[in-house]
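1. Prediction below, plus the sequence it came from.
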Amino acid sequence: MVRAVKNVFSNLARATGAMPKRRLQVLLVLIIVATGVGIAAALKFTRKAPARTEKNVLAPLVKVQTIGRRDIKMVVQGYGTVQPKVQADVVPQVSGKVVAISENFKDGGFVKANEPLITIDPRDYELAVQRAEAEVASAEVAMDIEKAEAEVSRQEWQQLNPGTEPPSPLVVREPQIRQAETRLQAAQAALATARLSLERTRVSLPFDGRVVRETVDLGQYVMSGQSIGEVYSIEAVEIEVPLEDWELAWFDIPVNPVSINGDSSGKKGSEVEVIADFAGSTHIWQGHVVRTTGEIDKTSRMVSVVVEVPDPFKGADGRPPLVPGMFVELLIKGKILRDALQVPRYAIRSGNQVWVINEDRLRIKQVRIARQDKEYAYVVSGLDDNPAIVVSALEAVTDAMLVRTGEPETPERADTLLGAEDKNVKETD
């Protein structure tokens with residue numbers, strides 16, 4: 001083609017050798033344009049059309065989880081801080097100089113019930129007991145004398161007035177006898193008070209406990225009513241768990257743990273697992289619900305449930321003690337929800353919708369949820385038995401849309417899709 005064009009131009013050059021130069025240039029331009037148009041037309045009519053291929057559009061790939069109906073035990077989760085069930089200030093009831101202190105009566109120490117924590121100098125109180133005993137003995141002698149004189153007076157009256165009764169109790173000294181008995185009772189009461197004061201020189205508590213603080217030294221003079229320490233009982237601890245009021249319907253709370261006459265009803269509430277992370281390990285204690293507090297929180301409108309854990313200092317498999325101040329998680333084992341589906345919370349859409357797969361079609365179902373916790377929603381109606389529930393996210397969803405639940409066609413696409421699905425599930429959660 002190029003050679004033919006060159007020949008044409010050569011012949012034209014020879015034929016137009018005598019033509020003016022300007023005409024020759026115009027003629028050459030026209031020839032070039034015409035040649036280009038001809039070449040373009042020839043290419044257009046001689047080219048082959050590209051082969052047509054149909055692109056397969058894949059349906060979205062989703063993750064599904066088949067869930068069966070079953071009876072599910074509700075577990076109510078909460079958090080709280082451990083508190084002593086019984087805590088008392090150590091306060092002496094008599095004054096005096098401290099002459100002995102128990103070696104266990106120190107911060108963090110363990111003390112036994114009725115163990116003397118401190119001993120106050122008892123000598124003054126021993127002397128008071130001796131004086132009171134002497135007063136009692138004197139009053140007993142005075143009463144015996146009055147009784148003897150009364151007997152003599154009665155005998156004399158009978159000798160002078162046989163067969164008649166005295167006109168006045170004074171004749172047989174009955175008022176004097178009652179006065180002597182009263183003085184004896186007062187002396188006996190003073191003796192009991194003196195002995196009680198002597199007993200109180202040994203300060204103790206009626207329960208096994210642990211010392212929080214002590215503020216007394218040997219030789220220190222303490223006053224009656226002065227706090228010298230603080231001890232809490234190690235027999236049990238309590239935990240207040242703030243919960244929404246609707247959660248109370250899912251576990252048992254003793255309605256009347258103490259009757260009117262003060263006797264315990266003996267009924268315990270739901271069992272509770274108390275979980276705490278301490279010293280790099282997770283530990284579990286067993287407790288039970290005992291009551292609710294007396295009021296609803298005015299700010300949060302939540303109800304505090306009290307959980308009791310017995311023997312918090314009893315070790316098991318190296319478990320540390322459950323000491324006051326620890327922040328713990330509580331799992332209250334509640335009632336059983338019959339014939340329900342435990343659906344992951346991230347599979348619940350728009351509050352009460354669930355996506356299910358039926359014959360490779362996505363169906364949007366309205367469901368009734370009995371309860372939700374941190375991880376699951378418990379569905380009681382709206383779904384068939386053993387539904388295949390979509391647990392992954394999709395950007396756009398329509399009812400009856402076609403989806404895929406099998407493996408992708410290529411490993412590369414499978415990795416891409418699965419990675420995207422995992423990301424969507426996390427974002428939805």
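-> Received it, and whenever you're ready, just let me know what you need.
2. Could you give me the buried positions within stretch 89-104?
-> By neighbour count on 16 or more other CB atoms under 10 Å, the buried set for stretch 89-104 is 90, 92, 94-96, 98, 101-102. Every C-beta, even on glycine, is put in place using the N, C-alpha and C of the backbone.
3. ok, so of those residues, who is nearest Pro387?
-> Val90 (63.8 Å; CB to CB).
4. Next, the buried residues of stretch 106-118.
-> Those would be 109, 111, 115, 117-118, for stretch 106-118 by 16+ other CB under 10 Å.
5. what's the farthest-apart pair in the residues you listed?
-> Checking the buried residues of stretch 106-118 with CB to CB, the most distant pair is Gly109 and Ile118, at 12.9 Å.
6. Common neighbours of these two, please.
-> Common contact partners of Gly109 and Ile118 (CB atoms under 8 Å, 6 or more residues apart in numbering): none.
7. Quick one: the strands in the stretch 251-400 of the chain, in order.
-> Ranges of strands in the stretch 251-400 of the chain, per DSSP state E, counting those that start in this stretch, are 271-278, 281-296, 303-310, 327-344, 348-349, 353-358, 361-366, 368-372, 376-381, 388-390.
8. Show residues contacting stretch 374-391.
-> 62-69, 72, 74, 77, 337, 339-348, 354-358, 362, 365-372, 403, 405, 425.
9. re the thing from before, right, and the pair among the buried residues of stretch 89-104 with maximum separation?
-> Spatially, the most separated pair among those is Ser95 and Ser102, at 19.6 Å (CB to CB).
10. Test my guess that Leu362 contacts Val62.
-> Yes - with contacts counted by CB atoms under 8 Å, Leu362 reaches Val62, the gap being 7.3 Å.
11. Show me whatever sits in contact with both of these two.
-> 355, 390, 403.
12. could I get those as TSV with distance to Glu151, neighbour count and pLDDT?
-> Below are those laid out as TSV (distance: CB to CB, whole Å; neighbours: other CB atoms under 10 Å; pLDDT from 0 to 100):
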residue	distance to Glu151	neighbour count	pLDDT
Trp355	107	25	89
Val390	107	23	88
Val403	115	18	82
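13. Who are the contact partners of the residue nearest to Arg131 when sequence neighbours are not counted?
-> Using CB to CB, 6 or more residues apart in numbering and skipping residues adjacent in sequence, the residue nearest Arg131 is Ala194, 7.3 Å away. Under the criterion of CB under 8 Å, 6+ apart, the neighbours of Ala194 are 125, 128-129, 131-132.
14. packing partners for the longest helix seen in the chain?
-> In the chain, assigned by DSSP state H, the helix with the most residues is helix 123-160. Where contact means 3 or more CB pairs under 8 Å, 6 or more residues apart in numbering; DSSP states H and E, helix 123-160 is packed against helix 174-199.
15. what's the burial count for the closest residue to Phe251 other than its chain neighbours?
-> Spatial nearest neighbour of Phe251, chain neighbours left out: Gly334 (3.5 Å); criterion: CB to CB, 6+ apart. Gly334 has 21 neighbouring residues, counting by other CB atoms under 10 Å.
16. Gly334 and Ser270 touch, don't they?
-> Yes - at 5.7 Å, Gly334 counts as touching Ser270 under the criterion of CB under 8 Å.
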